[in-house]
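Colleague: what would the 3D arrangement of this be:
(one chain, ligands or ions: 1)
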Amino acid sequence: MNDNASTNNGLRVLFASPEVAPFAKTGGLADVAGSLPDALRRRGLDVSIALPCYRMVREGGFSLRPLLAGLRVPLGSDIFKCSVLQAQTKEGVPVYLFEREDLFDRPNLYATPEGDYYDNLERFAFFSRAVLLFLKETGSPVDVIHCHDWQTGLVPAFLKTVYGDDRLLGTASTIFTIHNIGYQGLFPREKLAVCGLPAGMFRMDGLEYWGQMSLLKAGIVYGDALTTVSPSYAREIQEPEFGLGMEGVLRKRSKDLYGILNGADYTVWSPDEDPEIPYPYNMDRVGDKAKNKEALLAETGLKDGLRNRPVLGMISRLSSQKGCDLLIQVMQDIVDLGAGVVILGSGEEKYQTLLQEASRRNPGAVSLRIGFDESLAHRIMAGADILLMPSLYEPCGLTQMYALKYGTVPLVRATGGLNDTIAAFDPETGQGNGFKFGPYRADAMMRAVRDAVRIYQDSASWRTLMRNGMRQDFSWDRSAQRYLDLYRGIVSSLGRGRASVR
Ligand code: ADP
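Modeller: Numbering: from 1, shown residues only. Prediction:
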């Protein structure tokens with residue numbers, strides 16, 4: 001595998017993730033699975049990544065090298081053949097791409113605006129098993145498989161059952177990371193047979209979830225250790241309000257559950273070296289942010305008069321989790337304060353329609369772009385004054401961390417990782433990096449918006465606030481080390497690892 005990396009105690013780790021930036025992305029998971037391995041490699045870890053070869057990977061202009069053909073993967077009563085291609089990250093981490101056109105050559109990763117792909121169970125059961133069979137086929141044992149979200153929840157399940165006694169795979173430990181408990185990978189119980197897993201696993205302390213099977217629960221039950229993406233969220237998901245039915249099983253595994261805050265990749269998200277923005281800037285040239293704002297107003301059709309009024313940006317999946325209902329409720333009040341709003345988002349149709357109506361009612365004041373546009377995301381980050389994240393819940397949130405670096409002040413609801421990273425600004429002391437509100441209600445959000453608009457008018461306070469954020473460091477440094485410690489800990493506590501087969 002990764003022969004060039006200087007070794008970190010000889011440990012070898014494979015990431016299995018349904019999305020990895022820049023190859024395939026719908027949200028923050030991709031950013032994490034793309035940048036954490038690089039941070040680990042810089043610390044000498046032998047790490048590689050497994051990812052389905054979606055259409056957007058094949059057509060994304062990446063350099064892909066054929067590695068293996070004809071890998072035989074059982075699925076239902078058939079054997080599916082799979083090819084594996086290889087690419088690499090910026091730091092040279094190998095990325096193994098599992099290619100099967102009938103499953104992955106589609107316009108989206110998981111769903112269309114109308115709903116999920118009908119065969120997601122088959123797609124990700126195939127991927128999970130293919131990853132394990134690839135390791136067997138190439139004779140490349142690993143110490144830890146680090147699995148991400150429900151799409152890879154069957155990896156630990158296969159390892160604890162079908163491959164429990166396998167000489168090569170049986171030595172691998174698993175870490176299962178929950179990026180969002182709201183996505184549970186629920187499927188009819190009959191599908192268990194398609195996965196090739198023993199029928200006996202369909203029980204309450206297995207992967208049954210109220211009469212269905214849950215791939216997320218499979219990861220939670222069978223993973224050797226569990227992590228989630230912020231300390232607050234690790235606590236929250238053990239309570240009924242946020243656990244969405246998984247709180248009981250998570251409480252049972254409480255001592256194996258770690259909250260590790262995600263890190264920002266400042267090689268991608270730094271205003272002074274961002275190729276996507278017209279006027280790079282930094283703390284010493286923060287005035288140049290205004291030029292980016294002018295360019296953004298022109299690009300998005302917002303009126304020129306907003307130059308001296310706050311522009312609130314939102315870059316988000318359009319889902320109830322992200323607070324879209326709240327945003328729609330307060331939109332007119334925000335406009336009536338004389339502020340502008342620019343939204344880039346894709347997701348549920350109902351939110352797309354409601355936001356379209358709001359922008360039609362307020363030409364020049366509310367601008368909406370439906371779609372996924374990485375490049376525009378950077379220009380909004382640079383050009384907006386305030387970044388909105390009124391999330392109903394937020395496991396970690398990366399967008400607010402990026403915004404801080406761009407001097408774009410986050411206005412967030414105090415939940416999960418938003419609560420961990422944003423401190424309310426106090427104009428008296430000059431401390432704090434953003435605006436926060438608690439209750440998920442329009443009046444609470446508008447109170448925060450009014451505070452923000454008032455402080456925006458006091459340019460000295462606003463500069464202090466921007467600088468407080470720009471100065472902060474949410475890079476992977478600390479969190480990557482925590483993952484390394486966890487890998488080492490799990491291998492030594494389970495007495496596993498490749499050493500045991502040598
Ligand atoms: P989540 O993972 O819940 O979607 P995060 O804040 O952790 O939320 O990460 C979202 C990531 O996806 C950020 O990199 C953000 O810039 C990006 N993003 C979200 N929606 C869009 C979009 N419509 N176009 C471009 N980038 C987007």
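
Colleague: contacts only, for Leu85.
Modeller: Leu85 is in contact with Cys53, Leu64, Arg65, Pro66, Leu67, Tyr96, Leu97, Glu99, counting by Cβ atoms under 8 Å, 6 or more residues apart in numbering. Yep, even glycine has a C-beta here, placed from its N, CA and C like the rest.

Colleague: same thing with Arg123?
Modeller: Arg123 touches Pro52, Leu103, Phe104, Tyr117, counting by Cβ under 8 Å, 6+ apart.

Colleague: same question, Asp265
Modeller: Residues near Asp265 by Cβ under 8 Å, 6+ apart: Asp31, Gly34, Ser35, Asp38, Ser475, Trp476.

Colleague: for Ala382, same thing?
Modeller: Pro271, Asp274, Ile277, Tyr279, Tyr281, Lys289, Asn292, Leu296, Tyr406, Thr408.

Colleague: related to what we said a few turns ago, quick one: which of the contacts of Arg123 is most hemmed in?
Modeller: Highest neighbour count within these, by other Cβ atoms under 10 Å: Pro52, with 27 neighbours.

Colleague: who does that one form a beta bridge with?
Modeller: For Pro52, the beta-bridge partners under DSSP bridges are Phe98.

Colleague: let me see the confidence value for it.
Modeller: At Pro52 the predicted local confidence, pLDDT, stands at 98.

Colleague: I'd say it and Ala125 touch.
Modeller: No - if you go by Cβ atoms under 8 Å, Pro52 and Ala125 don't touch, sitting 11.9 Å apart.

Colleague: quick revisit: from the contacts of Arg123, which ones fall inside strands?
Modeller: The strands, defined by DSSP state E, take in Pro52 from the contacts of Arg123.

Colleague: which residue ranges of the stretch 351-500 of the chain form strands?
Modeller: Along the stretch 351-500 of the chain, the stretches classed as strands by DSSP state E, counting those that start in this stretch are 366-370, 386-389, 409-413, 435-437.

Colleague: and the stretch 151-300 of the chain, by the same measure?
Modeller: Taking DSSP E, counting those that start in this stretch as the test, the strands found in the stretch 151-300 of the chain are 173-178, 186-188, 208-209, 212-214, 225-228, 257-259.

Colleague: give me whichever of these is most buried.
Modeller: When the strands of the stretch 151-300 of the chain are scored by mean count of other Cβ atoms under 10 Å, the highest mean neighbour count falls to strand 173-178 (a mean of 25).

Colleague: state the distance from Leu186 to the ligand.
Modeller: Counting by Cβ to the nearest ligand atom, to the nearest Å, the gap from Leu186 to the ligand is 19 Å.

Colleague: my error: substitute Val142 in the last question.
Modeller: Note on Val142: its distance to the ligand, by Cβ to the nearest ligand atom, is 26 Å.

Colleague: can I see the domain layout of the protein?
Modeller: Per the record, the chain has its domains at 8-261+477-494, 283-471, by automatic domain parsing.

Colleague: for Thr267, find the nearest of these.
Modeller: Ranking the domains of the chain by proximity to Thr267 (Cβ to Cβ) places domain 8-261+477-494 first, at 7.0 Å.

Colleague: for that closest one, the distance to its chain's centre please.
Modeller: 13 Å (Cα atoms, centre = their mean, to the nearest Å).

Colleague: could I get the full set of helices for the stretch 51-200 of the chain?
Modeller: Taking DSSP state H, counting those that start in this stretch, the helices of the stretch 51-200 of the chain run over residues 55-58, 101-104, 120-138, 154-160, 192-195.

Colleague: cool, and the stretch 301-450 of the chain?
Modeller: Going by DSSP H, counting those that start in this stretch, the stretch 301-450 of the chain shows helices at 324-336, 349-361, 374-383, 399-405, 416-421, 442-456.

Colleague: out of the contacts of Ala382, which is nearest to Ala365?
Modeller: Distance to Ala365 across the contacts of Ala382 (Cβ to Cβ) is lowest for Leu296, with 13.9 Å.

Colleague: quick one, what contacts the closest one?
Modeller: Leu296 makes contacts with Leu302, Val311, Val342, Arg379, Ile380, Ala382, Gly383, Ala384, as judged by Cβ under 8 Å, 6+ apart.

Colleague: what's the local residue count around the last one?
Modeller: Read that as Ala384. Per other Cβ under 10 Å, the neighbour tally for Ala384 reads 27.

Colleague: who is the closest residue to it other than its chain neighbours paired with across the strands?
Modeller: Among residues not flanking Ala384 along the chain, Gly313 sits closest, at 3.1 Å (Cβ to Cβ, 6 or more residues apart in numbering). Going by DSSP bridges, Gly313 is paired in beta bridges with Val342, Leu387.

Colleague: I'd say Gly313 and Gly345 touch.
Modeller: No - using Cβ under 8 Å, Gly313 is not in contact with Gly345, being 10.8 Å away.
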